[in-house]
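Novice: using only what follows, build the 3D model:
(2 chains)
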Amino acid sequence: MSIHLARKTAEELVARLGFEKPPIDVDKVARSLGLRVVRGNLGAGISGLLVRNADGAFVCVQETDSRARQRFTLGHEIGHHFLRHQFEAGAHVHVDRGNFISQRGPRASAGVDPKEIDANQFAAALLMPSRMLRKRATEIVGDGPLHDGDVAALADEFDVSEQAMTIRLTALGIL
Amino acid sequence: MPPPKLEPFYEDLGRRIEDLRRSRGMTQEQLGKKLVPTLTRASVSNIETGKQRILAHMLVEIAAVLETTIDELVTTKQRAAPAVPDIGAELAAKLPISAAEVRKLTSKLAASGRRGGS
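Specialist: From the prediction side, this is the model:
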């Protein structure tokens, strides 16, 4: 699956669920897809799990992470689930370590599992849908440039980290 | 003994094919054209609704085009059995947490399953 398709799939999902303004209720997105969400201690360096067993599919989110980080993790795991990523045969648990927040470009990410890149792109587009984000950015600064304070305000509004917001704005060519 | 009903098997197979096709962003026509030999949109539609039983080589083709395995597409006898795999051992092997923490996590998972995901 191309990165473009992962983003597009997430944007379509947001539109289909009828979200009109930020922040996106990512727990609600999970529930609407039949995914159960559990928060717990997953151990050092682990950000999230996607668990599939005969009872259904579950996401476990690291409870010690910041709220914004937990939201991104949940978006990432929803991405794995919704994009129907297949992991090692016979395994029921897919483990994500805490290093996926930096969404490097496709060329810089050689060696990284494409499924992880897709899931990141999905999470970014899910939490910061392009149309919603462009609209808010325009309302804040018109045609002018965004400043650091604006990025922080947008991050706050969309309930994501400033880092995730900066990467998303750059990817969309707004910053 | 009457022969087992085959419809549920093909309906289930069709649903999986349809779900995967959609997740790949493909139309029925696009999927049909990618198969060798090709299938018409109507045939793909009939397969997805379980009305058309497919040949073994076509199953291989469809799995390849949808970038999945045959195992993911078909309902095997093991899958139909109501076995609930024990994921505790897998969690313990994969996570840097104590056995007590693993038990806490598995009971949270079980509880969330009982609540129906709310």
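Novice: A:V59 bridge partners, please.
Specialist: A:V59 forms beta bridges with A:V37, A:L50, as assigned by DSSP bridges.
Novice: immediately after the helix or strand of chain B with the lowest mean pLDDT, which helix or strand?
Specialist: Within chain B, no helix or strand scores below helix B:77-80, which has a mean of 53 by mean pLDDT, DSSP states H and E. Downstream of helix B:77-80, the first helix or strand assigned by DSSP states H and E is helix B:88-94.
Novice: list the contacts of that next one.
Specialist: Helix B:88-94 is contacted by residues A:L49, A:A91, A:H92, A:V93, A:V95, B:A99, B:V102, B:R103, B:L105, B:T106 when judged by C-beta atoms under 8 Å, 6 or more residues apart in numbering or on different chains. Any C-beta I mention is one placed from the backbone N, CA and C, and that applies to glycine too.
Novice: just checking, the first one touches A:R97?
Specialist: Right, the one you point to is A:L49. No - counting by C-beta atoms under 8 Å, A:L49 does not reach A:R97; the two are 10.6 Å apart.
Novice: settle it for me: which of these two has more neighbours?
Specialist: For A:L49 versus A:R97, neighbours defined as other C-beta atoms under 10 Å in any protein chain shown are more numerous around A:L49 (26 against 12).
Novice: once you drop chain neighbours, what's closest to that one?
Specialist: A:C60 (4.1 Å; C-beta to C-beta, 6 or more residues apart in numbering or on different chains).
Novice: give me the below-cutoff pLDDT ranges for chain B.
Specialist: Scanning chain B for pLDDT under 70 picks out B:1-5, B:75-85, B:113-118.
Novice: quickly note the distance from A:V26 to A:V160.
Specialist: As defined by C-beta to C-beta, to the nearest Å, A:V26 lies at a distance of 10 Å from A:V160.
Novice: what's the overlap in contacts for those two?
Specialist: Joint contacts of A:V26 and A:V160 (C-beta under 8 Å, 6+ apart) are A:R71, A:L127.
Novice: these two: which is more packed in?
Specialist: A:V160 (29 against 24).
Novice: got the phi/psi numbers for that one?
Specialist: phi -130, psi 170 (degrees, to the nearest 10).
Novice: mind listing what the closest residue to chain B within chain A touches?
Specialist: Residue of chain A nearest chain B, by C-beta to the nearest C-beta: A:G43 (3.8 Å). Residues near A:G43 by C-beta under 8 Å, 6+ apart: B:L95, B:P96, B:I97, B:E101.
Novice: ok, of the residues you listed, which come out buried?
Specialist: Among the contacts of A:G43, those scoring as buried are B:L95, B:I97, B:E101 (criterion: 16 or more other C-beta atoms under 10 Å in any protein chain shown).
Novice: near chain A, which of these show up?
Specialist: Among those, the residues that sit close to chain A (C-beta under 8 Å from any C-beta of the partner chain) are B:L95, B:I97, B:E101.
Novice: please identify which of those residues is nearest to B:D71.
Specialist: B:L95 (26.4 Å; C-beta to C-beta).
Novice: any idea how far that closest one lies from A:G43?
Specialist: Taking C-beta to C-beta, one finds B:L95 at 5 Å from A:G43.
Novice: same check on B:R24?
Specialist: Taking C-beta to C-beta, one finds B:R24 at 34 Å from A:G43.
Novice: which outside residues touch whichever helix or strand B:H57 is part of?
Specialist: According to DSSP H and E, B:H57 maps onto helix B:56-65. Contacts to helix B:56-65, defined as C-beta under 8 Å, 6+ apart, come from residues B:17, B:31, B:34-36, B:39, B:47, B:54, B:69-70, B:72-74.
Novice: in helices, which of those residues fall?
Specialist: B:I17, B:L31, B:K34, B:I47, B:I70, B:E72, B:L73 (DSSP state H).
Novice: can I get the residues you listed in TSV with neighbour count and distance to chain A?
Specialist: Supplementary listing: these in TSV, determined by neighbours: other C-beta atoms under 10 Å in any protein chain shown; distance: C-beta to the nearest C-beta, whole Å:
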residue	neighbour count	distance to chain A
B:I17	24	12
B:L31	24	15
B:K34	15	15
B:I47	24	18
B:I70	13	12
B:E72	14	7
B:L73	18	12
